[in-house]
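Novice: Return atomic coordinates for the entry below.
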Amino acid sequence: AAYRSFADLSQYPVFPWILSNYKGTKIDLTKKENYRDLSKPMGALNSKRLADVLARYEMMPPEEKFLFGTHYSTPAYVISFLIRKNPLHMIKLQSGAFDNPNRLFHSINKEWQSALENPGNVRELIPEFYMSDPSFLANTLGLNLGIRANKKPVNDVKMPKWAKNTEDFLKIQREALEGPVVTENIHKWINLIFGYQQKGEEALAASNLFHPLSYEGSIELDKIKDPAQLMALEMQIMEFGQTPKQLFVKPHPAKYSYGIPKPLAEDIKEEKLEPKPLEKEEEKDHTTTPVVVPPTVKVDLKKGLWLEELNKKKVSKSGILHKKKITFVCGLESDTMFVTGSKDGTAKVFTAKEGIQKKVLFAREAGVYCGTQFRSEKIIAFGTQDNGILFYNQQNATPVFEIPKAHDDTVIGLVVNLKANMLISYSKDLSMKLWSFSSTNFPNKVPAETIFDHESKIRSADTIEWLLAAFDADGKVTIRDLHEPQDCMATIQIANVSKRQFVAFCDSTVLAIGTSSTVELYNVDGSFLNMVDLEEQIIFMGVQGAHLLATLESGKFAIIDWQVALKKTEAVIEDIFEGQTVTCAYLSKSTERIMFGTKSGAAISLSQQHIQPLSLIHIS
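Specialist: Numbering: from 1, shown residues only. The predicted model follows:
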């Protein structure tokens, strides 16, 4: 990232000091006091040293002001760390000899203390400190590195007392880097090194301002005519440290911690994209159906039954479609077919009216978290719990394309914009990605845009025309123009939010926002229009045409004419599920049928002509 490379010592990748305890005999990685403050650069961790730096800054001429003349990443620092592994670099730097033994890298604790206290040392670390190869820490080549002033030879790097050996030291370093304390704070360090606090006024406020020549584009070398001056500037830039290319101009979002993942250096085996064979039970019985609800009857999913009209004989069929919670429902083939996806790792296609199962798609053992119809009704895109996006041809039940590591965490939502030719994904990693595609091809495996504006998990997103809206756990709703997706057209802050949050465009001018017990309507410029209070927790909300569908915690659902709701606050509330938790729903484009998915794994198909107005609520 930021044009850093292992092949260029002047642009070597930079990693942070993570731990601050290198003296103790034991280290507890759950205690924050054992960690360095990642919100501050190395030069600001020592208050006394920082005070001296700030005093010197005030005495500098206005046009030459900076805080630190030394840098956190230079070729000399990299060569020093790697002397035992690549000694020839040091010999070339020092004109045929090793550096003075008293200055050589010989102790982890001494190196930390120097970076913490020495006025001329604010260095960070290199990736090798978090990898699995300890050769740069041990003098396996038997190099004669000299005798220090204390009469002791420079040999292997002295480890902290809490590390059994060099391998154990690197293992603990990785665990610390990938553990919850760092995961919750690493974005602060990213802001300093790669982000908005890297340069300018924000850098000065964060005590992170370096010599102007260390920043990209600070001087136009091609305009300097004096060869001697040009050589001197090039040498200074190359040898005294270069700040990475700035990647972010806004604060980087935090990432939630889900425990310690695999070590960085451990290879990750890609799962082969092969459909699994059908289970024997499902080979025998392809008639497992969702519950198809006839007029004016109640559904008792606990018993796994559906009841025909009261004047007909009771018929018993299984209503359980999936083994685990259904996470999404969408229509196919002009809504004559529906597809459901589940955390059990499967997606199932069935007829809308009869409820006859046609196909089983074995998408991911880890679980299918979301899904949508892609470019045509033939292709379905799934977001998976192992961070990927998987594309299935639902007509022949085969996987046809995959973006295996689309995000750094579970993909929790997918929406498609056919006008902009964009697939939009969002994830638990707090990012939203825009994947471009053509009318005949699948998306590029590199996203066209990655958006990091949200500092908490995005709970819902929707798109229409060239507009994109997203609603996060902090209550922030952003509205964007896909022509310029990095900029927000409008931002809405919702005060009373719950864990269930939904956003949906009614049309290209009106946006519906559902959370807690209310559905609020806004213009796309962020101005408030009206609100409908449904008086209990909303579990799911979606819009189709002129109708807005909301399912409620008690098992009821509401159908709202949103155009009427712009002026009136009323809704029809139906009670048909008898306490069942509806997790998702789909209102067909013709608005003739509603499909519900439930937490128990059952699906319910309901013809709208069967909806009876059991209650009408009026809210002032």
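Novice: Flag the shaky bits of the stretch 401-550 of the chain, pLDDT-wise.
Specialist: For the stretch 401-550 of the chain, no stretch has pLDDT under 70.
Novice: Where do the helices of it begin and end?
Specialist: Listed in chain order, the stretch 401-550 of the chain contains no helices at all (DSSP state H, counting those that start in this stretch).
Novice: All the strands of it, residue numbers only.
Specialist: Ranges of strands in the stretch 401-550 of the chain, per DSSP state E, counting those that start in this stretch, are 411-417, 422-427, 432-436, 449-451, 458-464, 467-472, 476-481, 488-493, 501-505, 510-515, 518-523, 528-533, 538-544, 547-552.
Novice: out of those, nearest to Lys343?
Specialist: Evaluated over the strands of the stretch 401-550 of the chain, closeness to Lys343 peaks at strand 411-417, with 11.9 Å, by Cβ to Cβ. (Glycine included, C-beta is placed from N, CA and C.)
Novice: Direction included, what does that closest one pair up with?
Specialist: Paired neighbours of strand 411-417 in the sheet (DSSP bridges): strand 422-427 (antiparallel).
Novice: that older thread, between the strands of the stretch 401-550 of the chain, which gets nearest to Lys26?
Specialist: Comparing the strands of the stretch 401-550 of the chain against Lys26 with Cβ to Cβ, the closest turns out to be strand 422-427 (36.8 Å).
Novice: Same list, the strands of the stretch 401-550 of the chain, but as TSV with mean neighbour count and distance to Ile190 please.
Specialist: Formatted as TSV, the strands of the stretch 401-550 of the chain follow (neighbours: other Cβ atoms under 10 Å; distance: least, Cβ to Cβ, whole Å):
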stretch	mean neighbour count	distance to Ile190
strand 411-417	21	22
strand 422-427	25	17
strand 432-436	22	18
strand 449-451	17	14
strand 458-464	23	19
strand 467-472	24	19
strand 476-481	21	20
strand 488-493	15	21
strand 501-505	22	27
strand 510-515	24	30
strand 518-523	20	33
strand 528-533	16	35
strand 538-544	22	35
strand 547-552	23	39
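Novice: Make a markdown table out of those strands and add distance to Trp112.
Specialist: A markdown table is the format used below for the strands of the stretch 401-550 of the chain (distance: least, Cβ to Cβ, whole Å):
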| stretch | distance to Trp112 |
| --- | --- |
| strand 411-417 | 39 |
| strand 422-427 | 35 |
| strand 432-436 | 38 |
| strand 449-451 | 34 |
| strand 458-464 | 38 |
| strand 467-472 | 38 |
| strand 476-481 | 39 |
| strand 488-493 | 42 |
| strand 501-505 | 44 |
| strand 510-515 | 47 |
| strand 518-523 | 52 |
| strand 528-533 | 54 |
| strand 538-544 | 52 |
| strand 547-552 | 56 |
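Novice: nearest to Gly345, of the ones you listed?
Specialist: Closest to Gly345 of the strands of the stretch 401-550 of the chain is strand 411-417 (Cβ to Cβ; 14.1 Å).
Novice: any idea how far Glu234 is from Ile224?
Specialist: Ile224 sits 9 Å away from Glu234, going by Cβ to Cβ, to the nearest Å.
Novice: before we move on, the earlier item: Pro119 is nearest to which of the strands of the stretch 401-550 of the chain?
Specialist: strand 449-451 (39.0 Å).
Novice: Quick check: neighbours of the closest one in the sheet, parallel or antiparallel?
Specialist: strand 432-436 (antiparallel).
Novice: tilt between the partner strand and strand 476-481?
Specialist: Strand 432-436 runs at 20 degrees relative to strand 476-481, counting by axes from the mean of the first three to the mean of the last three Cα atoms, to 10 degrees.
Novice: What is the distance between strand 432-436 and the centre of its chain?
Specialist: 12 Å (Cα atoms, centre = their mean, to the nearest Å).
Novice: Show me the contact partners of that strand.
Specialist: 389, 403, 406-407, 421-427, 443-444, 447-451, 454, 458, 461, 470, 482, 485 (Cβ atoms under 8 Å, 6 or more residues apart in numbering).
Novice: Spatially central, which residue of this protein would that be?
Specialist: Asp429 (1.8 Å; Cα atoms, centre = their mean).
Novice: about what we covered before: nearest to Leu116, of the strands of the stretch 401-550 of the chain?
Specialist: Among the strands of the stretch 401-550 of the chain, the nearest to Leu116 by Cβ to Cβ is strand 449-451 (34.9 Å).
Novice: what separates the closest one from the chain centre, distance-wise?
Specialist: 11 Å.
Novice: can you list the residues that contact it?
Specialist: In contact with strand 449-451 (Cβ under 8 Å, 6+ apart) are residues Ser431, Met432, Lys433, Leu434, Arg480, Pro485, Gln486.
Novice: how about the helices in the chain?
Specialist: Using DSSP state H, the helices assigned to the chain run over residues 47-59, 75-81, 87-93, 108-117, 166-178, 180-183, 186-193, 200-205, 227-239, 280-284, 562-565.
Novice: For Asn417, which of those is the nearest?
Specialist: Comparing the helices of the chain by Cβ to Cβ, helix 562-565 comes nearest, at 20.6 Å.
Novice: Tell me which other helices or strands the closest one touches.
Specialist: Contact here means 3 or more Cβ pairs under 8 Å, 6 or more residues apart in numbering; DSSP states H and E; on that basis helix 562-565 packs against strand 518-523, strand 547-552.
Novice: C-alpha coordinates for that helix, PDB please?
Specialist: The C-alpha coordinates for helix 562-565 follow below in PDB (Å, rounded to 0.1, in the frame of the first residue of the first chain):
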ATOM      1  CA  TRP A 562     -45.900   5.700   1.100                       C
ATOM      2  CA  GLN A 563     -47.400   8.400  -1.100                       C
ATOM      3  CA  VAL A 564     -50.400   8.600   1.300                       C
ATOM      4  CA  ALA A 565     -48.000   8.500   4.200                       C
END
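Novice: Buried residues, stretch 23-33. List them.
Specialist: Buried positions in stretch 23-33, judged by neighbour count with 16 or more other Cβ atoms under 10 Å: Ile27, Leu29.
Novice: If you drop the residues flanking it in sequence, what lies closest to Ile503?
Specialist: Actually, residue 503 is Val rather than Ile. Phe471 (4.1 Å; Cβ to Cβ, 6 or more residues apart in numbering).
Novice: Enumerate every residue touching that neighbour.
Specialist: By Cβ under 8 Å, 6+ apart, Phe471 lies in contact with Ile458, Arg459, Ser460, Ala461, Val477, Ile494, Gln501, Phe502, Val503, Ile513, Thr515.
Novice: Export those residues as JSON lines, with columns for distance to Glu111.
Specialist: Listed next are the contacts of Phe471 as JSON lines, based on distance: Cβ to Cβ, whole Å:
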{"residue": "Ile458", "distance to Glu111": "41"}
{"residue": "Arg459", "distance to Glu111": "44"}
{"residue": "Ser460", "distance to Glu111": "48"}
{"residue": "Ala461", "distance to Glu111": "46"}
{"residue": "Val477", "distance to Glu111": "47"}
{"residue": "Ile494", "distance to Glu111": "49"}
{"residue": "Gln501", "distance to Glu111": "47"}
{"residue": "Phe502", "distance to Glu111": "52"}
{"residue": "Val503", "distance to Glu111": "50"}
{"residue": "Ile513", "distance to Glu111": "52"}
{"residue": "Thr515", "distance to Glu111": "50"}
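Novice: Looking at those residues, spot the one nearest Phe68.
Specialist: Ile458 (37.3 Å).
Novice: The closest one touches Asp472, doesn't it?
Specialist: Yes: assessed by Cβ atoms under 8 Å, Ile458 is found in contact with Asp472 at 5.0 Å.
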